[in-house]
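> need a structure here:
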Amino acid sequence: MAPVELRPGLWRWTAPHPNWRPAPAGSSGDWARAVGCVLYETAAHAVFFDPLADEHDAAFWAWAGERCAGRSVVVALTIGFHSRSRERFVSRLRASAELPASVAAIAFEALDETIYWLAEHRALITGDRLIGDGEGGLALCPQSWLGYLEHPPTREQMRVQLAVLLELEVALVLTSHGEPVLADGHAALARALDEA
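Numbering: from 1, shown residues only. Below you'll find the predicted structure:
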């Protein structure tokens, strides 16, 4: 899906993941092929989160080049699995990894994820731990997605750790998996954590 501007300077698009394969429901591979990516622009920076794009998609790269013109480019990942097209973005757009002050990285080491907070847009950018629930809200990821961790947290442990996000005045939650929440994100987050 072509990039959509959700707020001035805040873009989201989806792209088919090249490593996607059909998998049984509830398994660690049970996720949709289309995954979400985000671009956040400031006057001085263009920050891509978990970006994915086909190297032959001329229209996308022309758009990305326009968005990055005159800006320092940064590529940020929520989780290691989302390296996707990272190197392609770094090399084509001469990106670095130094976040601007307007982006807060909230690390959840026990969950192996970093969630990003854009205060300007009151937006959270999530990787694998908070996903779209298919009904316009949010859910915690399936327990099977945590099996690779040495000490996989329980759903209750995930809920407790992620509860710190409720201290933020969240309006948007831009998910990698499933549909994003584009209004009343705080309530959607609270419901997801309450139902865990």
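> What separation do you get for the nearest residue to Ile131 once chain neighbours are set aside and Leu39?
In space, not counting the residues next to it along the chain, Ile131 is nearest to His177; the distance is 4.2 Å by C-beta to C-beta, 6 or more residues apart in numbering. (Glycine included, C-beta is placed from N, CA and C.) Computed as C-beta to C-beta, to the nearest Å, the His177 to Leu39 distance reads 18 Å.
> returning to what we had before: what number of residues lie near the residue nearest to Ile131?
By the other C-beta atoms under 10 Å criterion, the neighbourhood of His177 contains 21 residues.
> pLDDT score for it?
Note on His177: pLDDT of 92.
> Just say helix, strand or coil for it.
Put simply, His177 is coil when judged by DSSP: H, G, I helix; E, B strand; the rest coil.
> How about the helix or strand bottoming out on mean pLDDT in the chain, which residues are buried there?
Here the helix or strand of the chain ranked lowest by mean pLDDT, DSSP states H and E is helix 86-93, holding a mean of 90. Buried residues in helix 86-93, counted by 16 or more other C-beta atoms under 10 Å: 86, 88-90, 92-93.
> next one: stretch 168-179
Taking 16+ other C-beta under 10 Å as the neighbour-count basis, stretch 168-179 is seen to contain the buried residues 168, 170-179.
> Specify which member of the residues you listed is nearest to Arg7.
Top of the list for closeness to Arg7, among those and by C-beta to C-beta, is Leu172 at 7.7 Å.
> Surely the closest one and Thr126 touch.
No: when contacts are counted by C-beta atoms under 8 Å, Leu172 is not listed as touching Thr126 (10.7 Å).
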